[in-house]
Every structure is written in structure tokens, then in C-alpha cells.
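Engineer: Let's see this in three dimensions:
(one chain, ligands or ions: 3)
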Amino acid sequence: MSNLPKISFTAGNLPTKGTVVVFCDGKNNLTASAKLLDNKGVLTKAIKVSEFKGGFGKMLDIVAPAEPELDRICIVGLGDISELSEHHWLRLGGKLGSSLKKSKKVGVMLELPEATKPVTAKQATDVGQGALLEAYRFDRYKTKSKSRPSSPAVAIHTKSASAAKKLWEGVEGVGQGVMLARDLVNEPANILTPKDFAKRAMELKKLGCKVEILDEKQMKALKMNTLLGVAQGSRNPPRMAIIQWKGGKAKDKPVAFVGKGVTFDTGGISLKPGGGMEDMKGDMGGAAAVAGLMHALAARKAKANVVGIIAMVENMPDGDAQRPGDIVTSMSGQTIEILNTDAEGRLILADALWHCNKKFKPKFMINLATLTGAILVALGNQHAGLFSNDDKLSEQLTKAGLDTNEKLWRMPLTPEYDKLIDSKNADMKNIGGRLAGSITAGQFLQRFVKDTPWAHLDIAGTAMSSPQTEINKSWASGYGVRLLDRLVADNYES
Ligand code: BES
Ligand code: MN
Ligand code: ZN
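Structural biologist: Ligands and ions are numbered 1, 2, ... in the order given. Predicted coordinates:
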């Protein structure tokens with residue numbers, strides 16, 4: 001991982017050295033600290049000369065100002081204060097990070113222009129998390145040019161510093177969960193095989209999680225034949241990691257998250273075309289999000305009982321690989337005719353969901369998967385697809401999505417769509433027709449959850465190759481970690 005900024009919180013006065021960041025609103029009203037620095041009219045003049053307007057995230061960089069020991073003063077726009085929502089603070093932190101690359105020591109005078117509310121501890125820590133997430137680069141394999149030579153020290157000056165300090169450990173933990181998910185998705189498939197992924201899951205023990213790894217033999221004993229069918233074409237054997245965080249009351253039923261972990265998806269015998277196939281190293285984005293989420297929840301000691309199940313396989317063409325036309329019996333006892341070996345994600349999830357439901361009887365199950373290219377056609381990379389049998393869970397998820405800016409859009413599931421995966425030769429087939437590809441995939445999964453409240457998040461468009469934002473400069477976004485951490489925090493903690 002790249003050099004990350006060292007974030008701290010202080011109630012101290014204006015720093016006299018390094019870079020100072022101050023704020024103004026959309027009408028260029030300066031904060032108190034900005035006014036202090038403007039004693040010789042330097043800021044007002046710079047704003048006028050450059051025709052600066054303090055729209056959200058706009059930045060004016062004043063190099064070598066009159067103060068003898070300050071290197072730079074940055075004025076950052078907050079836009080219309082009344083329009084600032086929660087995730088704006090995170091994005092603001094990202095903005096800071098990206099424009100402060102050259103500074104070693106930065107003091108951020110976090111306050112609003114006069115006569116408005118004070119900045120809360122939560123908002124201050126969100127700024128810190130944003131700066132952290134923005135700084136993430138996947139440059140582990142670059143031996144010659146690292147993106148950032150050192151870690152700048154960023155001191156966030158705020159009246160709520162003491163409360164922010166207390167909050168920070170947890171907030172930073174969530175940020176590390178996001179970066180763990182990014183790291184896992186960015187890693188190439190020769191490095192991150194199912195076994196290696198399982199090893200990384202084992203590391204969650206250090207945070208107090210219970211982790212159990214199922215190998216091929218154990219999965220065979222459990223009759224996870226659909227999962228094993230996908231895995232049988234690869235020299236890299238499959239693994240399933242069962243991660244538990246018990247932060248709630250002993251008798252509380254857990255909530256459960258299940259992730260698709262295809263460490264590489266060639267399509268199998270239904271081989272994918274070559275162009276862009278390298279992206280399929282990221283076909284474990286669902287599992288990565290679950291691992292990152294478990295890290296986040298454990299790091300901030302969430303008061304909830306949570307199960308995270310990740311199913312890791314490699315989908316390869318081979319003499320031993322599964323064929324189109326093969327019929328397999330899933331752990332549930334339902335039979336599946338494999339018509340396309342490239343629709344493999346739903347196959348491994350079928351057994352993982354069934355096992356999760358049977359073993360843990362959770363309050364709900366949410367699975368995450370880079371499941372279909374069709375979700376990219378429908379929603380692009382702004383929203384993940386949400387499929388669910390439960391309105392309440394859907395609403396909670398949608399709200400968490402808006403609050404964290406990891407947005408979801410609900411898609412339909414109906415008996416008419418469900419019919420499209422009925423098969424002539426078995427209970428079902430693993431693909432529908434040409435139409436509604438993301439929905440038929442959702443219908444397939446629904447056949448393995450019984451009446452348990454459940455949601456499927458299709459993150460093929462949001463987990464990887466995602467648009468560059470204020471807080472993400474990496475190919476892998478870590479989508480899902482903040483979203484689900486928030487879902488748990490708002491609705492399922494005692
Ligand atoms: N892993 C892919 C889906 C995917 C596509 C993820 C693009 C990220 C970006 C999945 O296993 C797959 O191959 N799905 C097929 C399903 C089809 C065979 C019914 C697809 O989307 O084409
Ligand atoms: Mn596939
Ligand atoms: Zn896949």
C-alpha cells in the first residue's frame with residue numbers, strides 16, 4: 001500500500017509552519033481562521049485576482065504567502081452550506097488529500113463560516129477518512145516509482161477534537177476495511193488464489209474474529225457440488241472462509257454477508273473473449289467487500305453478531321472442467337443444468353447461501369457479487385443493482401447507500417422472471433435467455449434462500465473499473481464496505 005497520511009485531531013490554534021487549509025462558503029464568506037490569516041488582505045486579494053468562487057471542493061492555492069514560515073495557504077470551497085450532506089465531508093477530505101501531495105505538514109482549520117453550526121466530531125473524522133481513502137494507491141509491484149514518497153502529517157484543527165480523537169480509531173478501522181477490499185480486488189490472480197485469499201481471511205483473527213476455513217474435502221462432505229463443479233477445472237483448489245464477529249448479545253441471531261470470490265473468471269469451457277479478460281482478476285469483489293466489512297466491524301468493535309462467508313474458486317477451462325449440459329445437485333438438493341459455464345458466480349453462491357442459512361439461521365442474508373455484465377448495461381457504474389425479497393431490508397440498504405454515497409437501485413424479482421430459468425432436464429438452468437440477464441441471475445439466487453430476508457447486490461459495475469472520485473483513485477473502489485458497515489450501525493447494533 002502507498003504511503004498514507006498520518007491523521008490527527010487538535011483543538012490548537014493556527015499553525016505557523018507548513019501548509020494551512022482554511023474554508024469559505026459558496027459566497028466566499030471566510031471562516032474565522034481564514035479571516036485571521038487575511039490580516040494583510042492576502043486572501044481577499046488572491047480570491048479577487050483569481051476570480052475564485054468557493055463552490056464545493058474548489059480550491060485556491062496561495063504559495064509562499066506573506067507569513068514568513070508558512071509554505072502555502074489553501075482556501076477550500078464548501079459551496080452552499082445548507083446543501084452539505086453527510087458524504088460531502090468524506091469527499092472534502094479526499095479533495096484535501098489530492099491537492100496536498102507536495103506538503104509534509106498540513107494543518108486543516110476545519111470550521112464553517114460564521115453564524116452556522118459547529119463542525120461535529122463525526123464530520124471531522126469523515127474528513128480524515130476521506131484523506132486516507134484518497135491517498136490509497138495500489139503500487140506494491142512498482143519497484144521504481146512509488147506514487148508518494150512519504151506520508152504527510154495532517155492535523156485537523158476542530159473544537160470537537162477530543163470527541164473526534166475518540167471516534168477516530170473506529171472510523172480509521174472502517175477506512176482500513178475499505179482499503180483491504182481494494183487491495184484484494186487489485187491483487188492479480190497468480191498472487192491471490194483461493195488459498196491465499198483464505199490466508200488473508202485468517203488474518204482477521206488478529207482483530208478478534210473467529211475464522212474457519214473449509215477445504216475441498218470438507219465441502220465435499222457438505223455436498224457443495226455446485227461450488228465444486230465450478231472449481232474442478234482449476235489447479236488451484238477452492239476454499240470457503242466462515243468469519244464470525246460476536247459483538248452482540250450472546251443469544252442474538254446474527255446478520256450474514258456472503259461474497260462471490262471467483263479469483264479469476266475465464267468463463268471456463270464457455271470461454272470469455274480475450275479482450276479485457278484481465279479485469280476478471282476482480283471477480284472476487286463481493287468476497288473482498290465481505291472481508292473488508294468484517295475488518296471494519298471488528299476494528300470498531302460493532303455491537304452486533306455478524307457472519308461473513310466468502311466462497312473462493314477459480315473458473316478455468318481444463319480437461320477436468322465442467323461442461324455445458326452437465327447436471328449438478330446442489331447442497332440444497334435442487335438440480336441445476338449448466339448451460340453456460342461462465343454463469344459461475346450464481347453456482348458458488350447457491351451453496352454458500354444455503355450453507356449460511358442452514359448453519360446460522362441469520363436475521364437476514366445479504367450477498368455481494370460481481371455477478372453480471374448486464375448490470376453494467378442497466379445501471380452503469382453509479383448504482384449497484386439491489387434485488388431482494390424484503391421491502392424493509394431494501395429500504396434500509398437504499399438509505400445506507402444514499403448516506404454513504406455507495407448507491408443502490410432496486411430491480412424487480414417476480415414469478416414471471418423466475419420461470420425463465422426453469423429447465424427441461426433439471427430443476428433449473430443456470431442462465432435465462434438473452435433478456436433481463438441480471439434479473440434471472442437474481443431469481444436463481446432466490447431459489448436458495450427460502451423465506452429468510454435476503455438481498456443480492458450486483459456490484460459488477462461498482463466494485464472495479466469504477467469512476468475516479470474524490471475518495472478513490474484506484475481501479476478497485478472497495479464498494480460495499482462503508483455501505484454495509486453503515487447498514488449495521490444504523491439498524492442492527494444493540
Ligand atoms: N464475472 C462475470 C460478470 C462480470 C462481467 C463482472 C463484467 C464484471 C464485469 C460473470 O461470471 C459472468 O461471466 N456473467 C455472464 C453471465 C452470462 C453467461 C449469463 C455475463 O454477464 O455475461
Ligand atoms: Mn463468468
Ligand atoms: Zn464471474
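
Engineer: Excluding chain neighbours, give the residue nearest to residue 130 in space.
Structural biologist: In this structure, residue 130 finds its nearest non-sequential neighbour in residue 93, 2.4 Å apart by CB to CB, 6 or more residues apart in numbering. Glycine gets a C-beta too; all of them are placed from N, C-alpha and C.

Engineer: If you tally nearby residues, what's the number for the one you found?
Structural biologist: Neighbours of residue 93 under the rule other CB atoms under 10 Å: 32.

Engineer: That one: helix or strand, and which one exactly?
Structural biologist: helix 86-99 (DSSP states H and E).

Engineer: Which parts of the stretch 101-250 of the chain are strands?
Structural biologist: 105-109, 153-157, 210-214, 239-246 (DSSP state E, counting those that start in this stretch).

Engineer: With mean pLDDT as added columns, please give the ones you listed in JSON lines.
Structural biologist: Below are the strands of the stretch 101-250 of the chain laid out as JSON lines (pLDDT from 0 to 100):
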{"stretch": "strand 105-109", "mean pLDDT": "95"}
{"stretch": "strand 153-157", "mean pLDDT": "96"}
{"stretch": "strand 210-214", "mean pLDDT": "98"}
{"stretch": "strand 239-246", "mean pLDDT": "99"}
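
Engineer: Go through those and name the closest to ligand 3.
Structural biologist: Closest approach to ligand 3 among those (CB to the ion): strand 239-246, 16.7 Å.

Engineer: Quickly run through the sheet partners of the next helix or strand along the chain from the closest one, with directions.
Structural biologist: Following strand 239-246 in sequence order, the next helix or strand is strand 255-265 (DSSP H and E). Strand 255-265 has the following strand partners under DSSP bridges: strand 305-315 (parallel), strand 365-369 (parallel).

Engineer: nearest to ligand 2, of these?
Structural biologist: Ranking these by their distance to ligand 2 (criterion: CB to the ion) puts strand 305-315 first, at 6.2 Å.

Engineer: Dump the C-alpha coordinates for that closest one into PDB.
Structural biologist: Listed next in PDB are the C-alpha coordinates belonging to strand 305-315 (Å, rounded to 0.1, in the frame of the first residue of the first chain):
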ATOM      1  CA  ASN A 305     -23.300 -10.600  15.800                       C
ATOM      2  CA  VAL A 306     -22.100 -10.900  12.200                       C
ATOM      3  CA  VAL A 307     -21.300 -13.800  10.000                       C
ATOM      4  CA  GLY A 308     -19.200 -13.300   6.800                       C
ATOM      5  CA  ILE A 309     -19.000 -16.200   4.300                       C
ATOM      6  CA  ILE A 310     -16.700 -15.900   1.300                       C
ATOM      7  CA  ALA A 311     -16.500 -18.600  -1.300                       C
ATOM      8  CA  MET A 312     -13.300 -18.700  -3.400                       C
ATOM      9  CA  VAL A 313     -12.900 -20.600  -6.600                       C
ATOM     10  CA  GLU A 314     -11.000 -20.100  -9.900                       C
ATOM     11  CA  ASN A 315     -13.100 -20.700 -13.100                       C
END
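
Engineer: ok so, going back, counting by contacts, list what the helix holding residue 93 packs against.
Structural biologist: Helix 86-99 sits against strand 59-63, strand 70-77, helix 121-135, helix 391-404, with contacts defined as 3 or more CB pairs under 8 Å, 6 or more residues apart in numbering; DSSP states H and E.

Engineer: Name the residues of the last one that are buried.
Structural biologist: Within helix 391-404, the residues that count as buried by 16 or more other CB atoms under 10 Å are 393, 394, 396, 397, 398, 400, 401, 403, 404.

Engineer: picking that back up, and the helix holding residue 93, what's its mean pLDDT?
Structural biologist: Averaged over helix 86-99, pLDDT sits at 91.

Engineer: quick one on the thing from earlier: mind putting the strands paired with strand 255-265 in CSV, mean neighbour count and mean pLDDT included?
Structural biologist: Below are the strands paired with strand 255-265 laid out as CSV (neighbours: other CB atoms under 10 Å; pLDDT from 0 to 100):
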stretch, mean neighbour count, mean pLDDT
strand 305-315, 28, 99
strand 365-369, 29, 99
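
Engineer: can you tell which of those strands is closest to ligand 3?
Structural biologist: The nearest among these, by CB to the ion, is strand 305-315 at 6.5 Å.

Engineer: got the angle between that closest one and strand 210-214?
Structural biologist: Counting by axes from the mean of the first three to the mean of the last three CA atoms, to 10 degrees, strand 305-315 lies at 30 degrees to strand 210-214.

Engineer: Please state the offset of strand 305-315 from the chain centre?
Structural biologist: How far strand 305-315 lies from its chain's middle: 15 Å, per CA atoms, centre = their mean, to the nearest Å.

Engineer: just stretch 107-124 next, same as before
Structural biologist: So, by CA atoms, centre = their mean, the centroid of stretch 107-124 is 27 Å from its chain's centroid.

Engineer: Endpoints of that stretch, how far apart?
Structural biologist: This stretch, stretch 107-124, spans 13 Å end to end (CA to CA, to the nearest Å).

Engineer: quick one: average confidence on the longest helix that the chain contains?
Structural biologist: Longest helix in the chain, counting residues (DSSP state H): helix 161-186. In this model, helix 161-186 has a mean pLDDT of 98.
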